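Need coordinates for the following:
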Amino acid sequence: MKLEGKIAAVTGGSAGIGRGIVEAYLAEGARVTIMARNASKAEKMLEEIGAGENLSFIQGDAMDQASVEHFVDETINQFGRIDILVNNAGGASDLQPTVDLSDEAFDMCMKWNVYSTFWGTRRALKAMIPQKWGRVINISSMEGKHGKPVLTAYTAAKHAVNGMTKSIAREVGTEGITINAICPGLIITDIVRDSGPQTAEAMGMTFDEMVTLFSQESAIKRPNTVEEVAAMAVLLASDAGAGITGAALSIDGGTSQY
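Numbers count the residues shown, from 1 in each chain. Sure, this is the predicted structure:
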């Protein structure tokens, strides 16, 4: 029960990495709110998990500032405070060579990954600073440390998330608040199964070839798992993680090694 009595809020919490973190937090005794766009998917998740009053869904869009801020505010309204914020919502879209990348596509990627993280963090810090305790965990990516073709906007966004994490950590380190980024490698979630073929095609290969390539780039020669990311999210959210802040921690099987 590493998180007993803590209140956690997770954006994009209805599937994939977000859902894995939610389930891990609940198992450690936290009460959790999730934000997602798809109400039917979120409601189905709540039914499947069966956590009762310990899990709440608040509909919202991570690309909309009012939605993100409302999510933080409503978490506080429901549970009295917010202790842990996981900025998980984000992703890559419109994958194509930089010369063909539109301003609109670049802006959307920044809003989805960078602005959503900024909006949520800023709002949560206003509640965390007075209580002298808080954890902010930003789900970044291996692409926050490397670059890959046709991922210009996504790579730029995740580098920005890592940089923002480092700066904010310096601001709030004496307030009992830590902020860290987790940088996963390839994880075969439902979202990756849906969007992966497009990514692979843009890189000039099949989906299976892309999985093999990413796996071979790592030390463990396999994709990582949602559970491995969730375990790190538990550590960073707990008292055991109090000495870790401003870090961009790789869960990529040794691909980055820094």
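
Any stretches of the stretch 101-250 of the chain with poor pLDDT?
Across the stretch 101-250 of the chain, not a single residue meets the criterion (pLDDT under 70).

So which bits of the lengthiest helix in the chain are buried?
Looking across the chain with DSSP state H, the single longest helix is helix 152-172. Of all the residues in helix 152-172, those buried under the rule 16 or more other Cβ atoms under 10 Å are 152-162, 164-165, 168-169, 172. For glycine as for every other residue, the C-beta is placed from the backbone atoms N, C-alpha and C.

and if you look at stretch 28-43?
For stretch 28-43, the buried set under the neighbour-count rule, 16+ other Cβ under 10 Å, comprises Glu28, Ala30, Arg31, Val32, Thr33, Ile34, Met35, Ala36, Arg37, Ala42.

With respect to Gly60, which of the residues you listed is nearest?
Distance to Gly60 across those (Cβ to Cβ) is lowest for Met35, with 4.5 Å.

so who does Val211 touch?
Contacts here follow Cβ atoms under 8 Å, 6 or more residues apart in numbering; on that basis Val211 touches Leu186, Ile188, Gly196, Pro223.

which residues of the chain fall in strands?
Counting by DSSP state E, the segments of the chain that form strands are 7-11, 31-36, 55-59, 84-87, 134-139, 177-184, 248-251.

Direction included, what does the fourth one pair against?
Looking back up the chat, that one is strand 84-87. Using DSSP bridges, the strands paired with strand 84-87 are strand 7-11 (parallel), strand 134-139 (parallel).

Could you save those as JSON lines and add columns showing mean neighbour count and distance to Thr245?
Formatted as JSON lines, the strands paired with strand 84-87 follow (neighbours: other Cβ atoms under 10 Å; distance: least, Cβ to Cβ, whole Å):
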{"stretch": "strand 7-11", "mean neighbour count": "27", "distance to Thr245": "17"}
{"stretch": "strand 134-139", "mean neighbour count": "26", "distance to Thr245": "9"}
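
Serialize these to TSV and add fields for distance to Lys145.
Output for the strands paired with strand 84-87, formatted as TSV (distance: least, Cβ to Cβ, whole Å):
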stretch	distance to Lys145
strand 7-11	22
strand 134-139	14
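
can you give me the helices for the stretch 101-250 of the chain?
103-110, 116-131, 152-172, 190-202, 207-217, 226-237 (DSSP state H, counting those that start in this stretch).

Let's have those helices in CSV, adding distance to Glu4.
Listed next are the helices of the stretch 101-250 of the chain as CSV, based on distance: least, Cβ to Cβ, whole Å:
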stretch, distance to Glu4
helix 103-110, 37
helix 116-131, 17
helix 152-172, 24
helix 190-202, 30
helix 207-217, 37
helix 226-237, 12
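
Go through those and name the closest to Ser256.
Here helix 207-217 is closest among the helices of the stretch 101-250 of the chain (Cβ to Cβ), at 9.6 Å.

buried sites along that closest one?
For helix 207-217, the neighbour count (16+ other Cβ under 10 Å) marks Phe207, Met210, Val211, Phe214, Ser215, Glu217 as buried.

now do stretch 115-131
For stretch 115-131, a neighbour-count test (16+ other Cβ under 10 Å) marks Tyr115, Ser116, Thr117, Phe118, Trp119, Gly120, Thr121, Arg123, Ala124, Leu125, Ala127, Met128 as buried.

And for stretch 67-85?
67-76, 79, 82-85.

Pull the most distant pair out of these.
Most distant of the buried residues of stretch 67-85, by Cβ to Cβ, are Ser67 and Asp83, 21.1 Å apart.

Centre-most residue in this protein?
The centroid of the chain falls nearest to Asn88 when counting by Cα atoms, centre = their mean (2.2 Å).

ok, now which ones touch that residue?
Val10, Thr11, Gly12, Gly13, Ile17, Gly18, Ile21, Ile139.

what's the distance between it and Ala237?
From Asn88 over to Ala237 the distance is 13 Å, taken as Cβ to Cβ, to the nearest Å.

ok, Glu175 - how many residues close by?
Counted with other Cβ atoms under 10 Å, residues neighbouring Glu175 total 15.
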